[in-house]
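>>> return atomic coordinates for the entry below.
(one chain, ligands or ions: 1)
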Amino acid sequence: MNASQPPDSRWQRAQLLREMGFSPQWRLRQQPAVGRQPSAVLADATRAGLHQQAVEQARPLPGGASADVPSAARTERAEQIARLGWDELAESVAACRACGLCEQRRQAVLGVGDHGADWLFIGEGPGAEEDARGEPFVGPAGKLLDAMLAAIDLRRGADVYIANAVKCRPPSNRTPEAVEMVACAPYLRRQIELIQPRLIVLLGRAAAHALLGDVGSLASLRGRPLEYREGAGGRVAIPVVVTYHPAYLLRTLPDKAKAWEDLCRARTLMRTAKGAATRPA
Ligand code: URA
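Numbering: from 1, shown residues only. Predicted coordinates for the structure are as follows:
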């Protein structure tokens, strides 16, 4: 708890932590500094048969697979999406018919927030309320996500961008299929390129799968040093934190404490990333 905060802000924070199910309150422990770590990259070709593209192994994750799609092997569509600015990206997503999810959507949901955010949170896909309103995480899971953000002094739209692995609602809120995440991957990749976040938080297994490939259970990814490589030749390494999806946390209260640990770790990584950026070379 920051003693310099005014009492009402401390009270609000305590309230938020209670709403998240954290009681007694957690304190941030010292975390080991994270240096350059094995790479995790957007894997839109991790499954043989989904894409004909060549898959080139990047620097592998400690315990599993990681696949990179070399830019030369990107499909024409992916190449075209990789050139879009925000307005064109929104138009392209709104008109997208690259997978079956377009059939039942009311509207595609690109994302929301600060285009220059340091923090990028990625969920699974829009639910019913998101499909109706055109904004990610506005239903019950979204309320918890907002509380999670507030618990680490963040706010939707202020240095935070929220996106999903797929931009259209999967029918009956089912988990998006791999082929749907593959179809949407160029949009997510472009969002990351445009935002250039300092840190990516993946909410749940589907988001982890979309960004890292099919590299294991969520439990095995939590707490692991991961990074997403961006830019030509993957020259920019963005740290990645994997945590539970808020909808899962609403059903599984005991795991909120683990999510809080993940958020604290994310905050530490962000501080490290900001510190590294301000230190003279
Ligand atoms: N769940 C998600 O993963 N994303 C949303 O936008 C809403 C619920």
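>>> from here on, just use CA atoms for contacts and neighbour counts.
Fine.
>>> buried sites along stretch 147-165?
Neighbour counts over stretch 147-165 (16 or more other Cα atoms under 10 Å) mark 147-151, 155-156, 159-165 as buried.
>>> in strands, which of those residues fall?
Of the positions in the buried residues of stretch 147-165, Val160, Tyr161, Ile162, Ala163, Asn164 sit in strands, assigned by DSSP state E.
>>> hmm, Met181 is touching Ala165, no?
Yes: counting by Cα atoms under 8 Å, Met181 touches Ala165, with 6.2 Å between them.
>>> between these two, which contacts overlap?
Between them, Met181 and Ala165 have Ala210 as joint contacts when contacts are counted by Cα atoms under 8 Å, 6 or more residues apart in numbering.
>>> kindly tell me how buried Val93 is, as a neighbour count.
20 (other Cα atoms under 10 Å).
>>> kindly report the same for the one 5 residues further on.
Using other Cα under 10 Å, the number of residues around Ala98 comes to 13.
>>> SS state for it?
Judged by DSSP: H, G, I helix; E, B strand; the rest coil, the three-state class of Ala98 is coil.
>>> quick one: contacts for it?
Ala98 makes contact with Ala183, Cys184 under the criterion Cα under 8 Å, 6+ apart.
>>> separation between it and the ligand?
Applying Cα to the nearest ligand atom, to the nearest Å, one obtains 19 Å for the distance of Ala98 from the ligand.
>>> before we move on, what about Gly204?
From Gly204 to the ligand the distance is 8 Å (Cα to the nearest ligand atom).
>>> so for the nearest residue to that residue once chain neighbours are set aside, what's the pLDDT?
In space, Gly204 comes closest to His245 once its chain neighbours are excluded; the distance is 4.2 Å by Cα to Cα, 6 or more residues apart in numbering. According to the prediction, His245 has pLDDT 98.
>>> so how many other residues sit close to His245?
Applying other Cα under 10 Å, we find 22 residues neighbouring His245.
>>> isn't it right up against Gly123?
Yes: look at His245 against Gly123 with Cα under 8 Å: they come within range, at 7.1 Å.
>>> what do those two both touch?
With Cα under 8 Å, 6+ apart applied, the overlap between the contact sets of His245 and Gly123 consists of Leu203, Gly204.
>>> beta partners of the residue most central in space within the chain?
When the chain is reduced to its mean C-alpha position, the closest residue under Cα atoms, centre = their mean turns out to be Ile122, at 2.5 Å. With DSSP bridges applied, Ile122 shows beta-bridge pairing to Ala163, Leu202.
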